[in-house]
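> Here's my sequence, what's the structure:
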Amino acid sequence: MCIDRFVMAFAGVMILVSLLLGVYVSHYWFWFTAFVGANLFQSAFSGFCPLALILRKAGVKSGAAF
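Presented below is the predicted three-dimensional model:
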């Protein structure tokens, strides 16, 4: 799996988990949902994604493996 797909999958899981936590545990978890969404939004324009940097240093391939 390439970095781009991993980042999208990870962000999707974090959003779903934080939504569930916000509904069943505390409404303060919605702030985490907003943080993930804001990070996705800014990375679309700036190209900077902290998770992508971590994954690149961990050795995850940056291109699609077709």
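> you'd agree F10 is up against L51?
Yes - if you go by C-beta atoms under 8 Å, F10 and L51 touch, sitting 6.3 Å apart. Bear in mind the C-beta positions are built from the backbone N, C-alpha and C, glycine included.
> Select the longest helix from the chain.
Scanning the chain for the longest helix, with DSSP state H as the assignment, gives helix 3-24.
> Residues touching the helix or strand following that one, excluding its own?
Toward the C-terminal end, the helix or strand that comes next after helix 3-24 (DSSP states H and E) is helix 30-46. Residues outside helix 30-46 that contact it (C-beta atoms under 8 Å, 6 or more residues apart in numbering): 11, 14-15, 18-19, 21-22, 48-50, 52.
> what's the distance between helix 30-46 and the middle of its chain?
Centroid separation for helix 30-46 versus its chain: 8 Å, with C-alpha atoms, centre = their mean, to the nearest Å.
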